[in-house]
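Participant: I would like to see how this sequence folds:
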Amino acid sequence: MPPTPLSRRLSLQSLLFATATGTFMTGSAVFFTKLVGLSAAQVGLGLTIGGVVAFVVAWPAGRLTDVIGPKRMWWLGALVGGALFALWPFMHGFTAYVLVAVAFEALENAASAGRGAYILDVMPTQERVRTQAYMYSALNVGFTLGALIGGIALATGSLTVLRWVPIFSLVVALANAFWIRNLPDAPHDIRVAERQRGQRRERVPGRGPMRNAGWMVLSFFEGTMWTNQVLLNVVIPLWLVEATDSPHWLLAWLFGTNTVLCIFLPAYTSRGVRDLASALKAIRISGAFFVLSCLITMVTHHTVGWTTILLVWLGHVTVTGAELALSAGSWEFRAGLMDPRRRGEYGGTEELFNALGGRWAPAVYTWLAMGWSGPGWIVIAAIAVVATVGIHPAAHAAKRFLDHELDHAEATPDPAMLGT
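Facilitator: Numbers count the residues shown, from 1 in each chain. Next up is the predicted model:
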């Protein structure tokens, strides 16, 4: 159980969000093709367009978060985004699908910007990483619960049942927005309310993250490190099917193992991460697991039988280790390297450069692994090594920039720094 009342409330919010989203996403492929009338290519194109919109709105959403307050941004994005579930049962055709998908991505991005800034703002420094670890576990529990509920709907074989699954997601999503609305105000929310009562418009002090080259480079390489998820969800499953003699049922065990590990281990794998040095150590561990996963998976092209099954499973376990270690390091970077006056903007910039660092990976990694086989896996591992090495000087540069900004703020006191 999360250690404090507030961390428990935040973990329950993660559970609600993931249950609503996971329930709909489990049956979304059937829903979009059989009920909305789309082809598989149209579904993929719509998701790509939505991803482009999310990329474009990331930084503006972060800046808006600093202006209106993180909790307000979070619950408004969750409320309106959740309400969009009500449209899916009545949706038909590609144009309508794209419009709703784009709106959903934009609102989801806005809510995510508020959420990230709120957690760092409201939690004491020593509890930030650990709380995010428990929230990550709860998120995986929620997605698992959503998958079970969505799976039951699919098991009925009824398109009528599937048509109304989004209404269940709607109810849970609205409960999630209500839950967020009733969380305590973070210090930044209180400052925003005070400015509004005084009818004063104040520019957010300090230089923003777009002036912080270290933070931008760090976020870029962090996005590259997060391509471990491309291995997890795309490349290793394709490799299993196309390049090994493994039975296809092993895929269920792979994803099941990842889910279980990501539910029970984050609180433990993040326990020693409390400063920049320990965060960078976690990054090195993540990089080592990433490379090990590539090397283990690579050799399964030449093994047979239970040896292949064991090695493919071990490759999936090691890439899960890369995910867990990277999560711990990333949480500390957010807690320790963001200017507390501009957390929303820093979060939006992180989203932007994460996308630049990793959105290319599905096509590139698939081509390398499936087209080049062994040498392709070596190249993927080399990319992970470059990203691991590159994060270190970038993190130190981001720390120097933040220290300079905070030293300047102490020389010219600003009320926005109170309570951070």
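
Participant: what is the neighbour count of residue 392?
Facilitator: 15 (other CB atoms under 10 Å). Where you see a C-beta, it was placed from the backbone N, CA and C, and this is true even at glycine.

Participant: any idea which element it lies in?
Facilitator: helix 374-411 (DSSP states H and E).

Participant: so what's the gap between that helix and the chain middle?
Facilitator: In terms of CA atoms, centre = their mean, to the nearest Å, the centre of helix 374-411 is set 19 Å apart from its chain centre.

Participant: how about it: buried residues?
Facilitator: 376-378, 380-381, 383-384, 387-388, 390-391, 394-395, 397-399, 401-402, 405-406, 409 (16 or more other CB atoms under 10 Å).

Participant: residue 213 reaches residue 396, doesn't it?
Facilitator: No - with contact defined as CB atoms under 8 Å, residue 213 does not reach residue 396; the gap is 11.8 Å.

Participant: circling back to that earlier point, for the helix holding residue 392, packing partners?
Facilitator: helix 213-225, helix 276-299, helix 305-337, helix 361-372 (3 or more CB pairs under 8 Å, 6 or more residues apart in numbering; DSSP states H and E).

Participant: buried stuff in the third one?
Facilitator: Okay, so that is helix 305-337. So for helix 305-337, counting by 16+ other CB under 10 Å, buried means 308-309, 311-313, 315-337.

Participant: one more: stretch 232-240?
Facilitator: So, applying 16+ other CB under 10 Å, buried residues of stretch 232-240: 232, 234-237, 239-240.

Participant: break the protein into its domains for me.
Facilitator: Domain assignment for the chain, taken from automatic domain parsing, gives 5-197, 209-411.

Participant: circling back to that earlier point, nearest to residue 177, of the helices and strands packed on helix 374-411?
Facilitator: Ranking the helices and strands packed on helix 374-411 by proximity to residue 177 (CB to CB) places helix 305-337 first, at 23.3 Å.

Participant: how big is the angle separating the helix or strand just after the closest one from helix 374-411?
Facilitator: Moving toward the C-terminus from helix 305-337, the next helix or strand (DSSP H and E) is helix 343-358. Here helix 343-358 runs at an angle of 160 degrees relative to helix 374-411 (axes from the mean of the first three to the mean of the last three CA atoms, to 10 degrees).

Participant: report all helices and strands that helix 343-358 contacts.
Facilitator: Partner elements for helix 343-358 (3+ CB pairs under 8 Å, 6+ apart): helix 40-68, helix 70-83, helix 94-122, helix 213-225, helix 305-337.

Participant: name the residues of the first one that are buried.
Facilitator: Using 16+ other CB under 10 Å as the burial criterion, the residues of helix 40-68 that qualify are 42-43, 45-46, 49-50, 53-55, 57-59, 61-68.

Participant: cool, stretch 351-361 as well?
Facilitator: 351-355, 357-359, 361.

Participant: just stretch 99-116 next, same as before
Facilitator: Quick answer for stretch 99-116 (16+ other CB under 10 Å): 100-116.

Participant: where in this protein is pLDDT low?
Facilitator: For the chain, the stretches flagged by pLDDT under 70 are 196-204, 409-420.

Participant: 80 - rerun?
Facilitator: 1-3, 40-41, 44, 47-48, 192-206, 252, 408-420 (pLDDT under 80).

Participant: ok so, going back, nearest to residue 288, of the buried residues of stretch 232-240?
Facilitator: Using CB to CB, residue 232 comes nearest to residue 288 of the buried residues of stretch 232-240, at 16.4 Å.
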